[in-house]
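**Q** Take this sequence and fold it.
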Amino acid sequence: MIGKSRVRLAGDIKRGSISGFTPSRGVLTASIIISIFIFSFFLLDSGCGRTGYRAGGGVVPESCTDYPRIVDQPGKVGQFSSLAFDQNNIPHIAYYDLSNHSLKYAQAVTSSSSCGWKIDLVDEQGQDAGLFPTIVIAEDNQPRVAYLSWSTDALQGIHYQIRFAQRIYNPEAPADQAYSWQTANLDDSGVRGLSTSMVLGPDRFFHLSTLNTQTKNLEYIYYDGTNASIETVLSLAGYNLEDVQTSIGVTPGAVPIIALHHPGAELWVAQRSSAPPNPGTWQITTVEPWQYTEDIGRYVHLAVDSLGLPHLCYFRWARAQSELWYNHFNGSSWQRSIVDSEGLTGVACSITLDASGRPLISYLDSTNNDLKIAYLRDPARMRWDIWSADYSLATGQWSDIKVAGSGNVGVSYYDFSIEGLKFYWIGFN
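**A** Residues are numbered from 1 along each chain as shown. Predicted coordinates for the structure are as follows:
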């Protein structure tokens, strides 16, 4: 059936008291008919459109863009998805397969008349591989993925590993075997890997944030593809690391910035004084301090603009009410905006910036179990356009939103209804 788009302005929301906050949902196992929804974009002010979907040197068929596409199913595949576009605007997705405890990867394959996905099993090492993956496209236009793998050891207990996977092209191999995956431990200590986030910097090196379960430190890793340099950012001793989420970005000068949900229910940002390999110190800023009965900053996600300034989306919960918040540092102060406060909303947000530097945010509306998208149409007055992108029975968890070089936007996310991974093109021309 065809749904109707639900569009509103954040400034028009009437907020009320919400009871019964539940931050996570059980997996739905019943087989259902997928509710297909076609976007009816009429937001002329925001520049939304239905044309110009280009990938692989040609226009993506409208059959690939007119509603959410199922990438992989069934079997609880698609959790913690991470999305990236290559130089040809082709989407690449890394994601976790819960049923097989492995890392999987999907690349869109399109022609002038059809579309589909090439799916690879990347890693199944240890008892659990592929948790919390982050995918980037390197200079050779091939994907790299950082992720968590863990196993249990009779002496050490849980043994954590940051794993690094890269797809290699062999021009001498047969066409169906030309690409293969190489995986390795980025660190062999067995204590790193929780809440890992990775970006590819303008220096063409990899920048990562992670947690050390032994020292209880937030750490920064600078990786050139062969050697990893690790330094301490700050101590989280005395806190439960399971309450920490990190997200990393880099400035145009390759200076790393890390946003984290501090386990003391605060939002912090750490920025290095210089780009590696030069020595540097970390400046720590409390963006959102702790307030009684509130938890601010959970699910934080970071994007850095062309001026090197951070943009954040995150979740606020207080007195049984949840909200999605956006915060931007303008060079002198932090500017906060409530994006959405309708029901229980804002879980597991992802933020990206379009060519003009305006943020787009994907997130879960837990009240309606919908995937939602927010776009900052009017930065001067902080006016947001918000709509539901997928109306399936229980969808939108662990989304990742990115802008392709063509200017179009894509979102990858998990659909509990089908226990699978989905992807959606959005036109912004």
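**Q** Counting neighbours, what do you get for Ile135?
**A** For Ile135, the count of nearby residues is 24 (other Cβ atoms under 10 Å). C-beta: built from backbone N, CA, C; applies to glycine.
**Q** in which helix or strand would I find it?
**A** Taking DSSP states H and E as the definition, Ile135 sits inside strand 128-137.
**Q** What of Ser322?
**A** Element membership for Ser322, per DSSP H and E: strand 321-329.
**Q** how about the helix or strand just after that strand: buried residues?
**A** On the C-terminal side of strand 321-329, the nearest following helix or strand under DSSP H and E is strand 334-340. Using 16 or more other Cβ atoms under 10 Å as the test for burial, strand 334-340 gives 337-340.
**Q** same question for strand 334-340, mean pLDDT?
**A** What strand 334-340 shows for mean pLDDT is 94.
**Q** From the contact counts, what lies against that strand?
**A** Applying 3 or more Cβ pairs under 8 Å, 6 or more residues apart in numbering; DSSP states H and E, we find strand 334-340 packed against strand 321-329, strand 359-365, strand 370-378, strand 383-390.
**Q** tell me the most buried of these?
**A** Stretch with highest mean neighbour count among the helices and strands packed on strand 334-340: strand 359-365 (a mean of 26; mean count of other Cβ atoms under 10 Å).
**Q** who's in contact with it?
**A** Strand 359-365 is contacted by residues 303, 311, 313, 324, 326, 328, 339-340, 342-354, 370-376, 388-389, 396-397, 399-401, 403, 409, 411, 413, 428 when judged by Cβ atoms under 8 Å, 6 or more residues apart in numbering.
**Q** List the pairing partners of it within its sheet, with orientation.
**A** Here strand 359-365 is paired, per DSSP bridges, with strand 345-353 (antiparallel), strand 370-378 (antiparallel).
**Q** Quick check: the gap between Lys76 and Ile351.
**A** The gap separating Lys76 from Ile351 is 26 Å, by Cβ to Cβ, to the nearest Å.
**Q** what number of residues lie near the closest residue in space to Glu231 that isn't next to it in sequence?
**A** Spatial nearest neighbour of Glu231, excluding adjacent residues (Cβ to Cβ, 6 or more residues apart in numbering): Tyr220 at 5.4 Å. Look at Tyr220: counted by other Cβ under 10 Å, it has 23 neighbours.
**Q** Give me the mean pLDDT for the one helix or strand Tyr220 maps to.
**A** If you go by DSSP H and E, Tyr220 is part of strand 217-223. Averaged across strand 217-223, the pLDDT comes to 97.
**Q** Need the contact partners of that strand.
**A** Residues contacting strand 217-223 (Cβ under 8 Å, 6+ apart): 162, 164, 186-187, 192, 205-212, 228-237, 244, 246, 248, 256, 258, 260, 270, 272, 276-277, 282.
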